[in-house]
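> The sequence and its predicted three-dimensional model are supplied below.
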Amino acid sequence: MGAELSKTSTMDETADEPPTSAVLLDNCHFSQVIFNDVEKFYVPGGDVTCYYTLTQNIIPRRKDWVGIFRVGWKTTREYYTFMWAPLPDDVHSDTAVQQQIQFKAYYLPKDDEYYQFCYIDQDGVVRGASVPFQFRAETEDDILVVTTQGEVEEIELQNKNLRKENEELKASCASLQKQNMDLQEDLKKTQELQNSLESLRSNTETLELELNSLKKENKRLKELDDCREAEVHQLKEQIQNVTSDKERLETRLKTALDHMDQLQSQVLNYEKEVENLSHIDHDKAEQLESLKEENRQLRMTRTQQQQNRDLMKELEEQKRLFQILQAKKNEADEENQKLRKENDGLLRHLSQAREFSPFSVVSQAQAPIPAPEVGGLLFGNPYCATGTNLGAGAADIPSIRKCPMCDEVFPEDIETSQYEAHVQSHLLECPVCSETFEKSNKQVFEDHIFCHGLE
């Protein structure tokens, strides 16, 4: 009942319960706090001052406390009363620190049982305990003791033995304290090693997870790389096939263009001959008019009639010669028309090959496109007019440029840069190798760029 009353009064004064635990005495460290100058008994009704020393093996904390326990206690929950332990000025001091605390008489036990001071940290663990003492009044037996000389010598011998035993116990206590300090250091190092081990285990598990993830990602990338290599190999084969087709078509186109140049040269020669024949025919026509005039004059006479018949024969001969030349010219025109059709077929075939290889676009764009026919002839029919402009040739007819991509027609007087800019607007240029592609083949262009990314 008195212990419960003391606990209630102490709680009213501190407004807080001290931290306790159910730790048994075997797990406590009594050497970390040493109680000094503990009396054998204290007079009831007076305040009690407790003196103690904090060794370098303990770091005091705010919730540490000093309690009075009845001898025979088992856990720190069995305190009779307590006071909060004051913090020293230097909490982390490397030397022992002397402290004291005063218990008020009102809260002290009223019986004559044996009690002891105990220092409890904020985790509820005992760090030090004093020798037992009593709360009782001083008696005469305690003041006056009468002994004989033999008893005095025996007591002195006992005291000497006790002092010797005390010295041995102190030495043993110092050794135990040193061992305790070593064990504390080993425990601290062991705790640090355990923490490091836990950290390494956690890091190892994290690294294993990352490694498994990287292995899966590496496997997926390898499979993707194999697929890409197969696609690249297939694309290279397609590019080689298209390149060979392009070279073959370019060779055929070059041969056809050379042949067309030769034919155009022959046509020019034929036209020059026809022009000369036209001049001759014009002269002959003038001569014919003159002969007709002479014939009219000679009609009056037989001599004039005979000359007129000769002139008619000569005129028929000239007409026959003109018809032969006209037939040759028609044959040349037909051959030129066949060459045009063959050239158009080659151009169409080359345009179909562009979707496999964009390299032929520029060569097509730069290839000259022959002028369209006028009246069925490349350079026109000098006889289609009513006897005028008989010497007009192909130089008077403007040639036409045709876009190989959209078939848009441009006149000859357009600037080359404008024509090339129009053709370039239909193309996509690779930023790596400057290879060009049609905009309609955007997927081929993107695959080409992707191939550069794999290199």
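Good, I have the coordinates.

> show me where this protein has strands.
Counting by DSSP state E, the chain has these strands, from start to end: 33-36, 41-42, 48-54, 65-70, 79-84, 97-103, 114-120, 126-129, 133-135, 400-402, 409-411, 427-429, 436-438.

> Report all helices and strands that the shortest one contacts.
The contact analysis (3 or more CB pairs under 8 Å, 6 or more residues apart in numbering; DSSP states H and E) places strand 41-42 against strand 133-135. (Each C-beta comes from the backbone N, C-alpha and C, glycine too.)

> looking only at pLDDT, what's the mean for the strand it packs on?
Model confidence over strand 133-135, given as mean pLDDT, is 94.

> residues of it that come out buried?
Under the neighbour-count criterion of 16 or more other CB atoms under 10 Å, strand 133-135 has F133, Q134, F135 buried.

> In contact with F133, which residues?
For F133, the contacting residues are V38, E39, K40, F41, Y42, Y114, Y115, Q116, taking CB atoms under 8 Å, 6 or more residues apart in numbering as the criterion.

> Looking at neighbours, which among these is most surrounded?
Y115 (24 neighbours; other CB atoms under 10 Å).

> show me where pLDDT drops low in this structure?
Counting by pLDDT under 70, the ranges of the chain that qualify are 1-16, 22-28, 138-148, 304-305, 307-308, 354-400, 455.

> Pipe the contacts of F133 into a markdown table and attach distance to S31 per row.
Output for the contacts of F133, formatted as a markdown table (distance: CB to CB, whole Å):
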| residue | distance to S31 |
| --- | --- |
| V38 | 16 |
| E39 | 22 |
| K40 | 22 |
| F41 | 25 |
| Y42 | 24 |
| Y114 | 21 |
| Y115 | 20 |
| Q116 | 15 |
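
> and which of these is nearest to S244?
For S244, the closest of these turns out to be Q116, at 107.6 Å, with distances computed as CB to CB.

> re the thing from before, export the strands of the chain to TSV and append columns for distance to K254.
Putting the strands of the chain into TSV (distance: least, CB to CB, whole Å) gives the following:
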stretch	distance to K254
strand 33-36	109
strand 41-42	127
strand 48-54	107
strand 65-70	109
strand 79-84	109
strand 97-103	107
strand 114-120	108
strand 126-129	106
strand 133-135	125
strand 400-402	19
strand 409-411	24
strand 427-429	22
strand 436-438	20
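
> what about dumping the CA coordinates of stretch 58-73 to PDB?
Included here for stretch 58-73 are C-alpha records, laid out as PDB according to Å, rounded to 0.1, in the frame of the first residue of the first chain:
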ATOM      1  CA  ILE A  58      27.300   4.800 -20.600                       C
ATOM      2  CA  ILE A  59      25.800   7.700 -22.500                       C
ATOM      3  CA  PRO A  60      23.100   9.300 -20.300                       C
ATOM      4  CA  ARG A  61      19.800  10.200 -22.000                       C
ATOM      5  CA  ARG A  62      16.900  12.400 -21.100                       C
ATOM      6  CA  LYS A  63      14.600   9.600 -19.900                       C
ATOM      7  CA  ASP A  64      17.200   7.900 -17.600                       C
ATOM      8  CA  TRP A  65      16.000   7.700 -13.900                       C
ATOM      9  CA  VAL A  66      17.200   6.600 -10.400                       C
ATOM     10  CA  GLY A  67      14.800   4.400  -8.400                       C
ATOM     11  CA  ILE A  68      14.600   2.900  -4.900                       C
ATOM     12  CA  PHE A  69      14.000  -0.800  -5.000                       C
ATOM     13  CA  ARG A  70      13.300  -3.300  -2.200                       C
ATOM     14  CA  VAL A  71      16.000  -5.900  -2.100                       C
ATOM     15  CA  GLY A  72      14.800  -9.000  -3.900                       C
ATOM     16  CA  TRP A  73      13.200  -7.300  -6.900                       C
END
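
> Please tell me how far K74 sits from V126.
11 Å (CB to CB, to the nearest Å).

> Compare the two (neighbour count), which wins?
Ranked by neighbour count (other CB under 10 Å), K74 and V126 place V126 first, with 24 against 11.

> What segments of this protein are helices?
Secondary structure of the chain (DSSP state H): helices located at 2-14, 140-143, 149-298, 302-353, 360-366, 416-424, 442-454.

> ok, residues contacting stretch 342-357?
Applying CB under 8 Å, 6+ apart, the set of residues contacting stretch 342-357 from outside is 238-239, 241-243, 245-246, 249, 252-253, 256-257, 260, 360-361, 364, 370, 404, 438, 440-441, 444.

> re earlier: determine which stretch of the helices of the chain is the most buried.
helix 360-366 (a mean of 18; mean count of other CB atoms under 10 Å).

> about what we covered before: and the contacts of F133, which is closest to Q234?
For Q234, the nearest member of the contacts of F133 is Q116. The distance, counting by CB to CB, is 93.7 Å.

> hang on, the closest one packs against G128?
No. In terms of CB atoms under 8 Å, Q116 does not count as a neighbour of G128; the distance is 10.3 Å.

> Can you say which of the strands of the chain is nearest to E205?
By CB to CB (comparing all of those), the closest turns out to be strand 126-129, at 38.2 Å.

> Return the closest one as CSV; C-alpha atoms alone will do.
The C-alpha coordinates for strand 126-129 follow below in CSV (Å, rounded to 0.1, in the frame of the first residue of the first chain):
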residue,chain,number,x,y,z
VAL,A,126,19.6,-1.5,-15.2
ARG,A,127,23.0,0.2,-15.6
GLY,A,128,24.0,0.3,-11.9
ALA,A,129,22.9,-0.7,-8.3
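
> Got phi/psi on V91?
Phi and psi for V91, reported as degrees, to the nearest 10, are phi -70, psi -40.

> so how far is stretch 258-272 off the chain centroid?
65 Å (CA atoms, centre = their mean, to the nearest Å).

> In CSV, could you pull the C-alpha coordinates for that stretch?
C-alpha atoms of stretch 258-272 as CSV (Å, rounded to 0.1, in the frame of the first residue of the first chain):
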residue,chain,number,x,y,z
ASP,A,258,23.1,7.5,-128.4
HIS,A,259,21.1,5.8,-131.1
MET,A,260,18.5,8.6,-131.0
ASP,A,261,21.2,11.2,-131.3
GLN,A,262,22.5,9.5,-134.4
LEU,A,263,19.0,9.3,-135.9
GLN,A,264,18.4,13.0,-135.1
SER,A,265,21.7,13.8,-136.8
GLN,A,266,20.5,11.8,-139.9
VAL,A,267,17.2,13.6,-139.8
LEU,A,268,19.0,16.9,-139.7
ASN,A,269,21.0,15.9,-142.7
TYR,A,270,17.8,14.7,-144.5
GLU,A,271,16.1,18.0,-143.6
LYS,A,272,19.0,19.9,-145.0
